[in-house]
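[1] pasting a predicted model and its sequence here:
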Amino acid sequence: MKVRLYEIFTSIEGEGILYGTKTLFVRLAGCPFKCFYCDTKEALSMTSGREYTIEEAKKLIENNLVKNTYKVNFTGGDPLVQSEAVSELAKFVQQKKIPTYLESSCFDSVKFEQVLPYFDYIKIEFKTLDSEFVNKKHYSTLLENELQCLKLAANSGKTTYIKIVVSSRTTLEQFKQILTSIFDMARYKVAGFIIQPTYGIEEPDLKQLLAFYDAVYTYYEGVRIIPQLHKFIGAP
């Protein structure tokens, strides 16, 4: 088995419920989709980065682990594209007693279920239609997969949180429709709900953000609006 990695580096977690923690990022190459606000376009191609054997990748992770690393974040691209390899690498990290963190768009619930046992922290990201992740024809299928991933993660007992990226294009009506789908299934089974505004492109204004916040608060008081911290401190 081989795996294609774009990069491995240590930085500060800039997103989600664990923002601010010292993290080893394992960025997988390859994602079949592209949001208009994607900030890692260079890692989308399956020919990006470099191919390694699983053993080589394990050694690479081990050699890059530094003191006081809080967790290892498997990101991309999208890790689910290489689900079998990711499972092996995450299991290796867990054996070192270091928490593992999955950052995925959750576009495939079957592959998600395969990797789930090897992760301690799960981010379930719900894409809005305006993100251009998929077209309108395929959006309902994407949402079904995201909801199934949420159900699997929440029922597994793993620390699971929800994230939605919003832009000036995101309508409140569309946002509320996603919320209805989410909280009909897992209202009290998540560790957080993050609204993340886009940065440097189609940024939402304060009025929009407050409206999104209020919409979530109706269901879940633990909602937070958190921009990408690493962008502000100049970290990768």
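    Sure, I can see it. Values in this document were obtained by computation on a predicted structure and should not be read as measured data.

[2] what's the longest strand in this protein?
    Assignment by DSSP state E gives strand 2-12 as the longest strand of the chain.

[3] so Lys137 is in which element?
    Using DSSP states H and E, Lys137 maps to helix 136-156.

[4] now that helix: mean pLDDT?
    Averaged across helix 136-156, the pLDDT comes to 95.

[5] quick one: contacts of that helix?
    Residues outside helix 136-156 that contact it (C-beta atoms under 8 Å, 6 or more residues apart in numbering): 105-109, 112-113, 116-117, 122, 124-127, 129, 133-134, 160, 162, 178, 181-182, 185-186, 189-190. Using the backbone N, CA and C atoms, a C-beta is placed for each residue, glycine as well.

[6] inside strands: which ones of these?
    For the contacts of helix 136-156, membership in strands holds for Ile122, Ile124, Glu125, Thr160, Ile162, with DSSP E as the criterion.

[7] picking up where we left off before, beyond the longest strand of the chain, next helix or strand please.
    Following strand 2-12 in sequence, per DSSP H and E, is strand 22-28.

[8] give me the angle between that next one and strand 2-12.
    150 degrees (axes from the mean of the first three to the mean of the last three C-alpha atoms, to 10 degrees).

[9] and strand 22-28, what does it pack onto?
    Strand 22-28 is packed against strand 2-12, helix 54-64, strand 71-75, with contacts defined by 3 or more C-beta pairs under 8 Å, 6 or more residues apart in numbering; DSSP states H and E.
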